[in-house]
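Participant: Kindly generate the corresponding structure for this input.
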Amino acid sequence: MTVQLLPVVNRDRLYQSLMDLAEIGKLPADGVRRLAFSPEDIKARQLVWRWMAAAGLSVRSDAAGNIIGTLPGKQNAPALATGSHIDTVPKAGKYDGTLGVLAGIEVARTLKESGLQLQHPFEVIVFTDEEDSMIGSKAIAGTAALDPDQYARKNQPSIQSRLRKVGGDWQQLATARCSRQHICAFVELHVEQGQVLETAGKSIGVVEGVVGLQRYQILIKGAPNHAGTTPMELRQDALVAAAHLVLAVESLAKTRPGRQVATVGSLTVWPNATNVIPGEVQASLDVRDLSKAEIVGLVDALKAEMIQIAEATQTEITITPVLDVDPSPAAPVIQQTITQVCDRLGFSHMPLPSRAGHDAQAMGRFTDMGMIFVPSEGGISHSEIEYTSPEQCAQGATVLLQTLLELDRVYPC
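Facilitator: I've put the predicted structure just below:
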């Protein structure tokens, strides 16, 4: 395979775009707050729309409020697409999501300046509300829930009115759905949101896929009783049972083969009084892995241990599923192409899973998907102090450019 080495993306221009967009919704501590559908989000979307148009993209929005910029290809073929989101969590940094969108625009600028036209159309997508409902990417994938009540948010208008703010139309949501006949491959550039690349000293992460996720609510029932008058051997302490369960989750995640992670992140204790033996505990369980079978295997093993814990502590333990999201593997051809591009460019790289959700996860439900990670300093993300250097941003964007150029030759028209 040969990769045509074109001029790399303009590092300074890309980084200036990041800084300019960060001025919209800027917080006093230099972070960013652009909640989806907010005035700040709308203002940022308008700016990105103008940047897309100036880069030569034909810009439109769909019924889910996604902004889609398109460069025509030489052939009437499915598009090669990239993109991410520009909405943020309440106290965010400048890079999460935004880098993927602005890198896509920078790719379009570079193609225009180089006088290059792909065989396939090229699309840059700004997905709606990634940080909450992911309605934008899910609508494109055809997996969005069609019950508006599922998008109800406390102190927020209806999803119908929220979508109208960004040019969407709830009644026409199904028209946003795409297929492989429209998009043959989607590649998203994103900051890692972890410390794996930095710890390993690697420049680029070749994402193997977005992990699957199962969440459960665990209820432990014991017997509340006086903390002073109840002998230890007569206690039915729900919190003691919960402690054993937390340790069992940690042990299973560490000792089973694979790269699964499992977390008990929430405990609610009743009656939660200093002089009362806990009679009831509610606990959350979050299990993630690239393999659905490994997730199921860990949960089954935990259920077996729960029986033993309940018997030893004289408690009753039940587990109820809350959420089940299948893994979304990256296409092998895209992983291979990213790897080969990194080798040609002299960028160190490594494979790794994405343990956080991304718009690419939804896109992988209907077409070939891949992701490129660049390091997050200290592994920090969703924070006002998240940081990725200008050079690292440009390296990721250059890998994105070269990957798309190679995929343009790999995928048939």
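Participant: What are the boundaries of the helices in the chain?
Facilitator: 11-22, 39-54, 98-114, 135-141, 159-165, 196-200, 238-255, 292-313, 332-345, 359-363, 390-410 (DSSP state H).
Participant: Quick one: those helices as JSON lines, columns for mean neighbour count, distance to Leu173 and mean pLDDT too.
Facilitator: Quick note: C-beta positions are derived from backbone N, CA and C, even for glycine. Shown next, in JSON lines, are the helices of the chain (neighbours: other Cβ atoms under 10 Å; distance: least, Cβ to Cβ, whole Å; pLDDT from 0 to 100):
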{"stretch": "helix 11-22", "mean neighbour count": "17", "distance to Leu173": "27", "mean pLDDT": "98"}
{"stretch": "helix 39-54", "mean neighbour count": "18", "distance to Leu173": "18", "mean pLDDT": "98"}
{"stretch": "helix 98-114", "mean neighbour count": "24", "distance to Leu173": "22", "mean pLDDT": "97"}
{"stretch": "helix 135-141", "mean neighbour count": "28", "distance to Leu173": "6", "mean pLDDT": "97"}
{"stretch": "helix 159-165", "mean neighbour count": "18", "distance to Leu173": "8", "mean pLDDT": "96"}
{"stretch": "helix 196-200", "mean neighbour count": "16", "distance to Leu173": "36", "mean pLDDT": "97"}
{"stretch": "helix 238-255", "mean neighbour count": "18", "distance to Leu173": "38", "mean pLDDT": "98"}
{"stretch": "helix 292-313", "mean neighbour count": "16", "distance to Leu173": "28", "mean pLDDT": "97"}
{"stretch": "helix 332-345", "mean neighbour count": "19", "distance to Leu173": "28", "mean pLDDT": "97"}
{"stretch": "helix 359-363", "mean neighbour count": "28", "distance to Leu173": "14", "mean pLDDT": "97"}
{"stretch": "helix 390-410", "mean neighbour count": "22", "distance to Leu173": "29", "mean pLDDT": "97"}
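Participant: So for Gly378, which of those sits nearest?
Facilitator: Closest approach to Gly378 among the helices of the chain is made by helix 196-200 (7.2 Å; Cβ to Cβ).
Participant: helices or strands up against the closest one?
Facilitator: Applying 3 or more Cβ pairs under 8 Å, 6 or more residues apart in numbering; DSSP states H and E, one finds that helix 196-200 makes contact with strand 204-210, strand 349-354.
Participant: export these to a markdown table and tack on distance to Val374, mean pLDDT and mean neighbour count?
Facilitator: Formatted as a markdown table, the helices and strands packed on helix 196-200 follow (distance: least, Cβ to Cβ, whole Å; pLDDT from 0 to 100; neighbours: other Cβ atoms under 10 Å):
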| stretch | distance to Val374 | mean pLDDT | mean neighbour count |
| --- | --- | --- | --- |
| strand 204-210 | 7 | 97 | 25 |
| strand 349-354 | 11 | 96 | 20 |
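Participant: can I get those strands in CSV with distance to Lys94?
Facilitator: Compiled in CSV, the helices and strands packed on helix 196-200 are given as follows (distance: least, Cβ to Cβ, whole Å):
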stretch, distance to Lys94
strand 204-210, 19
strand 349-354, 20
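Participant: hang on, the earlier thing: among the helices of the chain, which is nearest Ser284?
Facilitator: Nearest of these (Cβ to Cβ): helix 238-255, 10.6 Å.
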